[in-house]
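Novice: only geometry, no sequence info:
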């Protein structure tokens with residue numbers, strides 16, 4: 001039995017039973033416990049299972065840490081993503097960028113791109129870009145409780161006034177079949193509205209966010225033109241995104 005088929009059967013068994021032991025898996029699949037251990041490691045890496053002592057359980061839906069805490073995690077990965085992302089931008093283009101810890105790092109790289117106009121709902125991003133030689137539009141609206149950003153109907157209505165070349169969004173989870181997700185409904189609404197005004201939509205997500213879901217879907221798979229991630233992303237999962245028609249960088 002090929003590894004991919006074993007993985008599918010493991011996930012199916014977990015979906016039906018919520019948990020499964022390594023011994024039962026080895027017997028069901030006709031393989032050794034060591035093979036089962038490697039299969040569970042592979043599946044855990046792409047977010048399909050959560051390993052526990054003696055077996056595995058289904059992973060919990062992706063949740064979101066407080067914003068300032070997220071600003072201090074996966075910094076190297078976010079910097080790698082930011083450097084790739086600015087390579088998509090041409091001088092003179094207009095872009096929209098939503099609020100997030102990854103897009104906050106992206107803003108620092110944006111300072112190196114001349115002649116770009118940036119529309120954002122992020123207070124942090126607007127403050128960072130204020131030092132650069134570019135036009136910056138901070139969208140009005142109500143200040144969110146956790147993230148330093150504007151949200152709500154006023155923000156959404158202002159977004160709809162613009163047509164842009166690119167939209168950059170930092171969801172908390174991206175799944176190759178289910179699309180991009182946020183934990184907060186208002187953040188998801190901002191991302192959806194920005195994508196509707198853009199010629200191209202780009203998701204920025206490090207390897208810890210891939211293959212997962214969260215509470216609120218923002219972009220359907222078909223809406224994601226490009227996914228930018230870091231080098232630690234599993235190749236098997238990247239292949240899944242590409243099979244869904246998404247460019248991965």
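Specialist: Good, I have the coordinates. Quick caveat: nothing in here was measured; it's all calculated off a predicted structure.
Novice: please, which helix or strand holds residue 168?
Specialist: Element membership for residue 168, per DSSP states H and E: strand 164-169.
Novice: where in the chain is pLDDT low?
Specialist: For the chain, the stretches flagged by pLDDT under 70 are 1, 59-73.
Novice: according to the record, where do the domains of it fall?
Specialist: Domains of the chain are assigned by automatic domain parsing as 3-57, 67-248.
Novice: just the ones you listed: most buried one?
Specialist: By mean neighbour count, with neighbours taken as mean count of other CB atoms under 10 Å, domain 67-248 ranks first of the domains of the chain at a mean of 19. (Each C-beta comes from the backbone N, C-alpha and C, glycine too.)
Novice: wait, residue 118 sits on residue 138?
Specialist: No - contact criterion CB atoms under 8 Å: residue 118 and residue 138 do not qualify, at 9.4 Å.
Novice: ok, residues contacting stretch 13-27?
Specialist: Here stretch 13-27 makes contact (CB atoms under 8 Å, 6 or more residues apart in numbering) with 10, 28, 32-33, 35-37, 39-40, 49, 52, 54-58.
Novice: biggest separation within these, which pair?
Specialist: The distance between the two most remote of the contacts of stretch 13-27 (CB to CB) is 23.7 Å, for 32 and 58.
Novice: picking up where we left off before, immediately after the strand holding residue 168, which helix or strand?
Specialist: Scanning forward in sequence from strand 164-169 by DSSP H and E, the next helix or strand is strand 173-175.
Novice: so what are the sheet partners of the helix or strand just after that next one and their directions?
Specialist: Per DSSP H and E, the first helix or strand lying C-terminal to strand 173-175 is strand 179-182. Its sheet considered, strand 179-182 pairs with strand 173-175 (antiparallel), strand 216-217 (antiparallel) by DSSP bridges.
Novice: turn those strands into JSON lines, including distance to residue 102.
Specialist: Formatted as JSON lines, the strands paired with strand 179-182 follow (distance: least, CB to CB, whole Å):
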{"stretch": "strand 173-175", "distance to residue 102": "11"}
{"stretch": "strand 216-217", "distance to residue 102": "18"}
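Novice: for those strands, which one sits closest to residue 191?
Specialist: Distance to residue 191, taken as CB to CB, is lowest for strand 216-217 among the strands paired with strand 179-182, at 9.6 Å.
Novice: show residues contacting that closest one.
Specialist: Against strand 216-217 from outside (CB under 8 Å, 6+ apart): 178-185, 187-188.
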